[in-house]
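K.L.:
sequence unknown, structure follows:
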């Protein structure tokens, strides 16, 4: 079971909302909306995606990494490295 199993529906709702935001961005471009307004909406969609990713990361740390730490060994080291890599990707984005 994944760490986000209990919040899967909430994540899917948020992602569907973000999908709607992106479709709205397409319409804005298609309708030649003012560029600053488009950029503002892009920023909002980006923040929404970041919120989803931070939630997933938090759940991963609490569930997957915590469980691996309890079990110990190389699996724990691998989960920590995996989480560190994920954090690095989020920071770069």
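P.N.:
Noted; the coordinates are in hand. These figures come from a predicted structure and were not determined experimentally.
K.L.:
wait, residue 83 sits on residue 62?
P.N.:
No - using C-beta atoms under 8 Å, residue 83 makes no contact with residue 62, being 11.0 Å away. From N, CA and C alone the C-beta is placed, and that goes for glycine too.
K.L.:
Which one of the two is surrounded by more residues?
P.N.:
Taking other C-beta atoms under 10 Å, residue 83 and residue 62 do not tie; residue 83 has more neighbours (16 against 11).
K.L.:
So what does the closest residue to the more buried one other than its chain neighbours look like in phi/psi?
P.N.:
Among residues not flanking residue 83 along the chain, residue 65 sits closest, at 5.4 Å (C-beta to C-beta, 6 or more residues apart in numbering). Dihedral pair for residue 65: phi -70, psi -40, per degrees, to the nearest 10.
K.L.:
number of nearby residues for residue 65?
P.N.:
Summarising burial for residue 65: neighbours were counted as other C-beta under 10 Å, giving 17.
K.L.:
what mean pLDDT does the helix or strand hosting residue 11 have?
P.N.:
Per DSSP states H and E: residue 11 is located in helix 8-30. Across helix 8-30, pLDDT averages out at 97.
K.L.:
what about the helices in the protein?
P.N.:
Here the chain has its helices, by DSSP state H, at 8-30, 35-60, 66-71, 73-92.
K.L.:
Same list (these) but as a markdown table, adding distance to residue 2.
P.N.:
Listed next are the helices of the chain as a markdown table, based on distance: least, C-beta to C-beta, whole Å:
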| stretch | distance to residue 2 |
| --- | --- |
| helix 8-30 | 8 |
| helix 35-60 | 8 |
| helix 66-71 | 11 |
| helix 73-92 | 13 |
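K.L.:
how much space between the most centrally placed residue in the chain and residue 77?
P.N.:
Centroid-nearest residue in the chain, with C-alpha atoms, centre = their mean: residue 53, separated by 1.8 Å. Taking C-beta to C-beta, to the nearest Å as the measure, residue 53 falls 23 Å from residue 77.
K.L.:
What is the end-to-end distance of stretch 24-44?
P.N.:
Taking C-alpha to C-alpha, to the nearest Å, stretch 24-44 runs 12 Å from one end to the other.
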